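Novice: Quick one: sequence plus predicted model below, questions after.
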Amino acid sequence: MKTKRSRLFFMSWLLVGGLVITASLYLARGSWQEEEATLAPESIYDVKRASFNVTIAERGVVRPARIAPIKSEISSDKAKIVWLMKEGVRINEGQVVARFDTKPFQDDVARLEQQYSDANATLGAAEKLLMLQEEEEHGKIEEAERKVEIAAIEAENIKNGSGPLEKKQVEQKVMQAERRHRLAASYLEDMRMLLKRGHASKREFEKAEDEFETAKEEVNVAREELANFNEFKWPKMMREAELLVNASRSELQRVLRTAALQIQNRVGQVEKARRKVASGLHLLENARGDLRNCVVRAPADGILLYSEVPRENGTRKIQIGDSIWVGQTFLEVPDTHELVVEIQIREVDVAKISSGMRAVVKLDAMPWVGLQGEVENVSSLAEDDRQNANIRRFFARIQLDEKIPEVHVGMSATVEIIHQEVNDVLVIPAAAVVFKNDSTNVYKVAGGSIELTDIELGAQGVQWVQVVGGLKEGDRIRSTLY
């Protein structure tokens with residue numbers, strides 16, 4: 001009896017144990033099925049090989065590729081606006097868009113025309129004075145040349161004409177005096193013989209003796225005159241002839257120098273008058289140009305826009321009555337035939353961007369359209385961020401490959417610049433990455449469980465990231481993307 005009870009007790013416990021085990025297995029199976037149910041198919045991602053682009057996204061605004069500035073071409077600060085075409089209207093090239101007050105420039109033209117006329121009159125007078133001075137100096141030069149010629153003739157006459165003739169005359173006086181001296185000596189000797197014979201008186205002898213002495217003295221005087229002529233007068237005459245020629249030649253050179261100086265002075269006056277005429281003409285042409293430039297015409301087709309001008313309390317758009325200085329842009333005509341998107345790139349990204357990189361532009365007004373383009377240029381100078389002065393940004397222009405009619409100037413856009421193409425690598429969704437405890441992880445699905453697995457990332461895009469360690473192709477991870 002006791003044994004039967006023990007068997008019944010044992011069987012009861014065995015049945016209860018079986019039921020407990022069965023219930024436990026059932027609960028375990030239900031728990032596992034519930035876990036499988038939480039891993040819906042769309043939240044599981046298979047690690048695979050794929051390609052993607054690494055991009056930099058920035059906000060921007062559609063702008064015209066070129067803006068034709070309208071500047072004041074008046075070379076003074078007297079350009080005051082008296083009429084403006086209404087802003088925002090469409091204009092054609094050559095159409096009048098603004099006018100400046102012409103009164104001050106008309107006065108300038110009248111004043112400069114008078115000055116130019118006076119300068120021409122002064123030039124004419126200077127040219128006539130130059131002509132008269134050249135004639136006068138030419139006459140002085142001819143007179144000096146004649147004096148040189150006359151002096152040369154006189155010198156030649158002294159050397160080979162009157163000078164030798166005078167010398168011969170002096171020599172002839174000597175010969176005549178010597179001849180008279182010989183005759184007087186002979187006559188004295190005859191009178192001495194006659195005196196001894198008594199045929200002549202002593203008085204006659206003394207007279208003959210006086211005539212001899214006189215003749216002798218005449219010979220001495222004639223010889224001294226000849227010696228003086230040879231030693232002093234003839235060299236003097238030759239020197240005077242030389243000095244006469246030299247003096248006339250020196251006078252000719254002085255006249256030539258004086259004439260050149262006088263003519264040069266007159267030429268200088270003429271050149272000065274010519275420069276004044278040229279300067280007056282230049283000023284007059286500028287004034288006439290300023291008068292013409294009082295009518296401002298559009299340089300291209302487009303829409304007329306007013307420019308901002310500085311004022312004491314900041315800036316404002318130009319208006320009638322404003323004075324515009326030379327070279328100042330006061331109107332603009334955007335060329336809307338070709339559009340670009342202007343963006344500001346953060347300082348940390350600017351080194352990654354270069355001209356020629358491809359970009360995708362999505363307009364806020366048409367987010368379903370992806371316009372293709374490329375980076376046209378990146379500015380080399382940074383500007384402060386308007387919202388945060390501590391952030392530096394660089395302007396860049398994205399040139400669109402084509403223009404569609406729905407794109408208008410001023411539209412806001414998002415630009416994604418492709419600065420790296422990653423091809424045929426292991427990829428996972430960027431949203432699947434979990435950053436925990438300074439490590440990079442994903443939730444890896446292994447059998448019926450989920451494990452937090454440490455991984456190593458490579459290139460990182462907006463939607464996809466590259467896995468370089470911790471996963472292999474075919475692994476399954478849980479992703480919040482799907």
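Specialist: Great, that's in hand. Since this is a predicted model, take the numbers as computed values, not measurements.

Novice: what distance separates stretch 115-132 from the middle of the whole chain?
Specialist: Distance of stretch 115-132 from its chain centroid, counting by Cα atoms, centre = their mean, to the nearest Å, is 38 Å.

Novice: Please point out which parts of it sit buried.
Specialist: 115, 116, 119, 120, 122, 123, 126, 130 (16 or more other Cβ atoms under 10 Å). For the C-beta atoms, the positions are set from N, CA and C on the backbone; glycine is no exception.

Novice: Need the max-distance pair from the residues you listed.
Specialist: Greatest spatial distance in the buried residues of stretch 115-132: 115 and 130, 22.3 Å, computed using Cβ to Cβ.

Novice: circling back: kindly reformat the buried residues of stretch 115-132 as JSON lines containing pLDDT.
Specialist: As requested, the buried residues of stretch 115-132 are arranged in JSON lines below (pLDDT from 0 to 100):
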{"residue": "115", "pLDDT": "96"}
{"residue": "116", "pLDDT": "95"}
{"residue": "119", "pLDDT": "96"}
{"residue": "120", "pLDDT": "96"}
{"residue": "122", "pLDDT": "96"}
{"residue": "123", "pLDDT": "95"}
{"residue": "126", "pLDDT": "95"}
{"residue": "130", "pLDDT": "95"}
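
Novice: Show me the helices in the stretch 101-250 of the chain, by range?
Specialist: Here the stretch 101-250 of the chain has its helices, by DSSP state H, counting those that start in this stretch, at 103-160, 162-197, 202-228, 234-292.

Novice: To residue 67, which of those helices lies closest?
Specialist: Of the helices of the stretch 101-250 of the chain, the one closest to residue 67 (Cβ to Cβ) turns out to be helix 234-292, at 24.5 Å.

Novice: so the closest one versus helix 202-228, what angle?
Specialist: 30 degrees (axes from the mean of the first three to the mean of the last three Cα atoms, to 10 degrees).

Novice: Now do helix 234-292: distance to the chain's middle.
Specialist: Worked out by Cα atoms, centre = their mean, helix 234-292 lies 40 Å from the chain centre.

Novice: Against which helices or strands is that helix packed?
Specialist: Identification of packing neighbours for helix 234-292 by 3 or more Cβ pairs under 8 Å, 6 or more residues apart in numbering; DSSP states H and E yields helix 103-160, helix 162-197.

Novice: Can you lay out the ones you listed as a markdown table showing distance to residue 351?
Specialist: Formatted as a markdown table, these follow (distance: least, Cβ to Cβ, whole Å):
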| stretch | distance to residue 351 |
| --- | --- |
| helix 103-160 | 53 |
| helix 162-197 | 106 |
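
Novice: out of these, which comes closest to residue 424?
Specialist: Proximity to residue 424 (Cβ to Cβ) singles out helix 103-160 among these, at 71.9 Å.

Novice: what about the closest one, distance to the chain center?
Specialist: Counting by Cα atoms, centre = their mean, helix 103-160 comes out at 43 Å from the chain centroid.

Novice: Could I get the contacting residues of the nearest residue in space to residue 72 that is not next to it in sequence?
Specialist: In space, residue 72 comes closest to residue 324 once its chain neighbours are excluded; the distance is 4.3 Å by Cβ to Cβ, 6 or more residues apart in numbering. With contact taken as Cβ atoms under 8 Å, 6 or more residues apart in numbering, residue 324 is in contact with 72, 74, 79, 80, 81, 100, 309, 318, 330.

Novice: would the last one count as being in a strand?
Specialist: So the one you mean is residue 330. Yes. Under DSSP: H, G, I helix; E, B strand; the rest coil, residue 330 falls within a strand.

Novice: any idea how far it is from residue 277?
Specialist: According to Cβ to Cβ, to the nearest Å, residue 330 stands 35 Å off from residue 277.

Novice: Of these two, which one has the most company?
Specialist: More neighbours surround residue 330 than the other of residue 330 and residue 277, with 23 against 20 (other Cβ atoms under 10 Å).

Novice: quick one, phi/psi of the residue nearest to the more buried one when sequence neighbours are not counted?
Specialist: The shortest distance from residue 330 to any non-neighbouring residue, by Cβ to Cβ, 6+ apart, is to residue 318 (4.7 Å). Main-chain dihedrals, residue 318, degrees, to the nearest 10: phi -60, psi 160.

Novice: got a list of what the nearest residue to residue 276 once chain neighbours are set aside touches?
Specialist: Among residues not flanking residue 276 along the chain, residue 119 sits closest, at 4.6 Å (Cβ to Cβ, 6+ apart). Each residue near residue 119 by Cβ under 8 Å, 6+ apart is listed here: 273, 276, 277, 279, 280.

Novice: residue contacts, residue 334?
Specialist: 63, 64, 66, 67, 68, 302, 303, 305, 409.

Novice: buried ones in whichever strand or helix holds the fifth one?
Specialist: Think residue 68. Assigned by DSSP states H and E, residue 68 falls within strand 48-71. Within strand 48-71, the residues that qualify as buried are 52-56, 58, 60, 62-65, 68, 70-71, counting by 16+ other Cβ under 10 Å.

Novice: Looking at those residues, which one is closest to residue 341?
Specialist: Nearest to residue 341 among those: residue 60, at 4.5 Å, using Cβ to Cβ.

Novice: And the pLDDT for the closest one?
Specialist: Listed pLDDT for residue 60 reads 89.

Novice: For residue 64, see how far away the nearest residue to it once chain neighbours are set aside is.
Specialist: The shortest distance from residue 60 to any non-neighbouring residue, by Cβ to Cβ, 6+ apart, is to residue 343 (3.5 Å). According to Cβ to Cβ, residue 343 and residue 64 sit 15 Å apart.
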